[in-house]
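Chemist: Sequence plus the predicted model coming up.
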Amino acid sequence: MAAAPGRRRPTALLLWAALCFGAALAVDRSNFKTCEQSGFCRRQRGLQPGHSPYRALLESLQLGPDAARLQLVNEATKVPLLLELWGLQGNMTRIRIKELNPPRPRFEVPDVLVAEPPVERLAVTGRDEGSLELSLGPAGHRLLVTEKPFRMDLLQGRELLCSVNARGLLFFEHLRRRRDSDTPREPTAEEGAAVEGQEEAAGGMEDPGNQSEKLAPQPTEAAAEVAEEPGSWEETFKTHTDTKPNGPTSVGLDFSLPGFEHVYGIPEHAESLRLRTTEGGDPYRLYNLDVFQYELYNPMALYGSVPLLLAHSARRTLGIFWLNAAETWVDISSNTAGKTLFGKLLDYMQGGGETPQTDVRWMSESGIIDVFLLLGPAPAAVTGQYASLTGTQALPPLFALGYHQSRWNYNDEEDVAAVERGFEEHAVPCDVLWLDIEHADGKRYFTWDPSKFPRPRAMLERLAAKKRKMVSIVDPHIKVDSGYRVHNELRSRGFYVKTKDGGDYEGWCWPGSAAYPDFTNPEMRAWWASMFAYDQYEGSTENLFTWNDMNEPSVFSGPEVTMHKDAVHHGGWEHRDLHNLYGLYVQMATAEGQIRRSGGQHRPFVLSRAFFAGSQRYGAVWTGDNTAEWEHLKISIPMCLSFGLAGLSFCGADVGGFFKNPEAELLVRWYQAGAFQPFFRAHAHLDTARREPWLFGEENAALIRAAVRQRYALLPYWYTAFYRSHRQGLPVMRPLWMEYPEDATTFAIDDQYMIDRALLVHPVTEQGARGVQVYLPGKGEVPVFQRGGTVVPRQERVRRSTECMRGDPFTLYVALSPQGTAEGDLFLDDGQSFDYETKARYLHRQFTFAGNTLTASSADPRGSFDTPAWLERVVILGTGKPAAVVLRPVDGSEIRLDFQHEAETSVLTLRKPGVRIGDDWAIVLR
């Protein structure tokens, strides 16, 4: 274990100042709504479990080649709904509920699903007076639909997996006319076209809506109008009024998960990995917000939202993906909440214990109910199912896995050059230097401050000569300035988000008065992408990449520091319908711009603060504006684990904390932890002291240097893990229970984790700690942090950047299982282009140890890639001393290798096998 970093003892005066500064920075909760202050959440939560007013009209069932459709009716309002059911290939089920005959269309989330998922053929396998049974495909899943009250139960064989509306909390606020309005609002032309498109999409079978007159009682004016709370048609929070021209439109539904006590996911929250029950407090909120100095262990919304929840038990894993981009709240309850382990054991011994069950309730402000049940059964199957719907993590360029140095702000070109020299002088590897908002001319993005950065191209070329990159910030709020070309083009093309009255929406952000491009408009996104061309973004070069911050969107003068919900987007949709999509679209357009500028050749790198389901396809994310405190270091682990479970593998936290000044010990521990998280960037607030790695004394600089060099040595392993994530949808950084799904001890562990399948990491996150207690799961495996039975590739000639290490030799670390076996792999390509995809220019090598023989072979013969890299060393952990070691290269000859064996640790080191890493060979221990 590394030596303990130096510590500084604060004086009483400094401690007092820090406490006052912390109090001043704490989040102002009054700026953000609670459920009680959110009208639709209050209405939804006011519905108590019990008798549901909804009835399924089983006689309306229409079974088409791809889906089953039938009507539901609310017997209180007589408003009919359309229920659609799909059995999807790959062990998934889709449930969609919307109005049967809406007076205007409701928003359905576009651009998140990578394709319409392939379906299984459904069949009616049972029917009686009050229920029917559907077969959902060859996996043996059955869906029981109960007529009254409406309920659905999903089974596999005799096992009940999930119940829908078992608690009777389906609540669908139908579109209606305002009581004090003479006429309903007519749909816009775009909305009318959307309705027609939805009707055409329902073709291929008889529409159960055709039977609505004879099956569903038609709502009368009196019946359809339910008692409406104040705020249903207009709602005020602080000084902001939401006009709600469409009235109350929320949707909610409950899911019961028998046999499950542990649920995870629904990022982003500063929360433990295992989600807590929400009884007695607020639900978890999903609503992308710029939260200043966020609190920990709190269900408040943060910068991003992924409406995916996973449930895990020793028997199986399943997921619920709620495809809705409006403000959403998630309630979690459990029949075992609050019970001690002894209480559960007593229940079991007395034979009176009930089956553990978790109930999950989703509530969204608008849109429809569109939910995917991901049925696993293994953890990797669930993450793979989600990836098949929303896409996998983009394969990052190799440099992006190196170390990033950032702060708000590096002052000018001379400051950048000095920092870059510091990395050279102190032998700390670094791939990327970052520039925050002060680099631009008056915070006009796509420009450079003419006095501080007068020669940006020359600055970038100097970095490129050292094989380094730069990232500059480009935020989606555009300074309202008639002398600013970007603003003038956006305004003249009509590309800004509009107010409810039709003018350009403006708010206050970093530049002062700012307008907001409408990223939901495909034409606007194409224009935005064109701005990254080298002749448009003046001074940019191919080693300049992008950071999208403030893209929730952040509006300092807006309600809850974001955009008004009645702002209007492309197609006439309100901001309330699609709020959580905005950040995804910003990152999408920016990534497309980087791809276009290279003629489609090079992979982009874009960091985004806001995100939604599918954002993994476009780049990296981070945990936002954290604080230099031990608890924030600790919370970064479960936060990134939750991101990974929701598809966002490329996650990290600001090393050292964004706010406040870290003491030396905390900074060192954060570097040691950050080196083992997927995205590795140090970042700091404008008002903090400088904290480059060499500024805390030589002892601490040496510890930081060692942590960063460890990261670089393991880059081949990281890159291979990202390739696997890109192909299979597996999280790179994953909780222990994903690898040990039957070990109940792992289910709540969130201070240690796996990187891919071979490395177990337990960062030190306690002040003054001289060691950690590590849980080593598995049976009989070698008790090392590298998992027994694995092979980990490393490059141990660490240089200044990833590009400098291209072609360097490899070392293989082989950790044997109790059976004397091990396996691992290595992915190699040029590290920057799409050639691995378009031209099959890559190597994927497989390493296997069995029968005292280590063999190298192709894991994917479709790829080929020429590299000078060779095998420098093999280290075998957990073996005895052989009499001889022989290399058998591809030509069949035999070459004796030098070796060294350490009897105390059972480590065998083989020096300079010398074979090319892309060749087939075998090494035999005799």
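Modeler: Perfect, I can see it now.
Chemist: What average pLDDT does the host helix or strand of Val668 get?
Modeler: Using DSSP states H and E, the element containing Val668 is helix 664-674. Averaged across helix 664-674, pLDDT comes to 97.
Chemist: cool, and stretch 65-76?
Modeler: 95.
Chemist: and that stretch, how far apart are its ends?
Modeler: Terminal residues of stretch 65-76 lie 33 Å apart, using C-alpha to C-alpha, to the nearest Å.
Chemist: Repeat that for stretch 467-481.
Modeler: 37 Å.
Chemist: For it, the averaged confidence score.
Modeler: 98.
Chemist: ok now that stretch, how far from the chain's centre?
Modeler: 22 Å (C-alpha atoms, centre = their mean, to the nearest Å).
Chemist: Now that stretch: buried residues?
Modeler: 467-481 (16 or more other C-beta atoms under 10 Å). From N, CA and C alone the C-beta is placed, and that goes for glycine too.
Chemist: Out of the residues you listed, which comes closest to Phe545?
Modeler: For the buried residues of stretch 467-481, the residue nearest Phe545 by C-beta to C-beta is Val471; the value is 4.8 Å.
Chemist: Check the gap between the closest one and Val655 for me.
Modeler: Distance of Val471 to Val655, given as C-beta to C-beta, to the nearest Å: 15 Å.
Chemist: what does Leu296 give?
Modeler: Taking C-beta to C-beta, one finds Leu296 at 18 Å from Val655.
Chemist: More neighbours: these two, which one.
Modeler: Val655 (32 against 16; other C-beta atoms under 10 Å).
Chemist: wait, isn't the more buried one in contact with Trp670?
Modeler: Yes. The criterion here is C-beta atoms under 8 Å, and Val655 meets it with Trp670 at 4.9 Å.
Chemist: What segments of the stretch 451-600 of the chain are strands?
Modeler: For the stretch 451-600 of the chain, applying DSSP state E, counting those that start in this stretch gives strands covering 469-473, 478-479, 506-509, 512-515, 544-548.
Chemist: contacts for the second one?
Modeler: Strand 478-479 is contacted by residues 442-445, 484, 486-487, 490, 496, 511-517 when judged by C-beta atoms under 8 Å, 6 or more residues apart in numbering.
Chemist: farthest-separated two in those residues?
Modeler: Maximum distance among those (C-beta to C-beta): 19.1 Å, for Gly442 and Tyr496.
Chemist: Looking at the two, which one has more neighbours?
Modeler: Neighbours per residue, other C-beta under 10 Å: of Gly442 and Tyr496, the larger number sits with Tyr496, 22 against 14.
Chemist: what about the closest residue to that one other than its chain neighbours, distance to Pro267?
Modeler: Nearest residue to Tyr496, sequence neighbours excluded (C-beta to C-beta, 6 or more residues apart in numbering): Asp504, at 4.2 Å. Using C-beta to C-beta, Asp504 is found at 33 Å from Pro267.
Chemist: More neighbours: which of the two?
Modeler: A count of neighbours by other C-beta under 10 Å puts Pro267 above the other of Asp504 and Pro267, at 31 against 17.
Chemist: Return the per-residue confidence for the more buried one.
Modeler: For Pro267, the pLDDT comes out at 98.
Chemist: Chain neighbours aside, what residue packs nearest to it?
Modeler: Per C-beta to C-beta, 6+ apart, closest to Pro267 is Ser642, 4.4 Å.
Chemist: Could you report the pLDDT at that neighbour?
Modeler: At Ser642, the pLDDT value in this model is 98.
Chemist: burial measure for Val380, as a count.
Modeler: Quick fix: residue 380 is Ala, not Val. Ala380: 18 surrounding residues under other C-beta under 10 Å.
Chemist: one step back: nearest to Glu872 among the buried residues of stretch 467-481?
Modeler: Closest approach between these and Glu872, by C-beta to C-beta: Lys467, at 21.2 Å.
Chemist: Give me the phi and psi for that closest one.
Modeler: Main-chain torsions, Lys467, degrees, to the nearest 10: phi 60, psi 40.
Chemist: show me what contacts it?
Modeler: Counting by C-beta under 8 Å, 6+ apart, Lys467 touches 800-804.
Chemist: ranking these by neighbours, who comes first?
Modeler: Neighbour tally across these (other C-beta under 10 Å): the maximum, 26 neighbours, falls on Thr802.
Chemist: That residue and Tyr403, how far apart?
Modeler: 9 Å.
Chemist: Identify the contacts common to the two.
Modeler: In contact with both Thr802 and Tyr403: 431, 712, using C-beta under 8 Å, 6+ apart.
Chemist: low-scoring pLDDT stretches of this structure, where are they?
Modeler: 1-25, 180-227, 337-353, 779-784 (pLDDT under 70).
Chemist: and the spatially most central residue of it, how far is that from Pro731?
Modeler: Here the mean C-alpha position of the chain is nearest to the C-alpha of Leu648 (C-alpha atoms, centre = their mean), at a distance of 2.9 Å. Counting by C-beta to C-beta, the gap from Leu648 to Pro731 is 9 Å.
Chemist: same check, this time on His51
Modeler: Distance from His51 to Pro731, by C-beta to C-beta: 41 Å.
Chemist: Look at the two and report which has more neighbours.
Modeler: A count of neighbours by other C-beta under 10 Å puts Pro731 above the other of His51 and Pro731, at 29 against 9.
Chemist: And for the more buried one, nearest residue in space, chain neighbours not counted?
Modeler: For Pro731, the spatially nearest residue (C-beta to C-beta, 6+ apart) is Gly644, at 3.2 Å.
Chemist: can I assume that neighbour is in contact with Phe650?
Modeler: No. Counting by C-beta under 8 Å, Gly644 does not reach Phe650; the two are 9.1 Å apart.
Chemist: quick one: common contacting residues for the two?
Modeler: 678, 732.
Chemist: so what's the backbone phi/psi at the residue nearest to Asp920 when sequence neighbours are not counted?
Modeler: Take Asp920 and drop its neighbours on the chain: the residue closest to it by C-beta to C-beta, 6+ apart is Val890, 5.0 Å away. Taking degrees, to the nearest 10, you get phi -60, psi -20 for the backbone angles of Val890.
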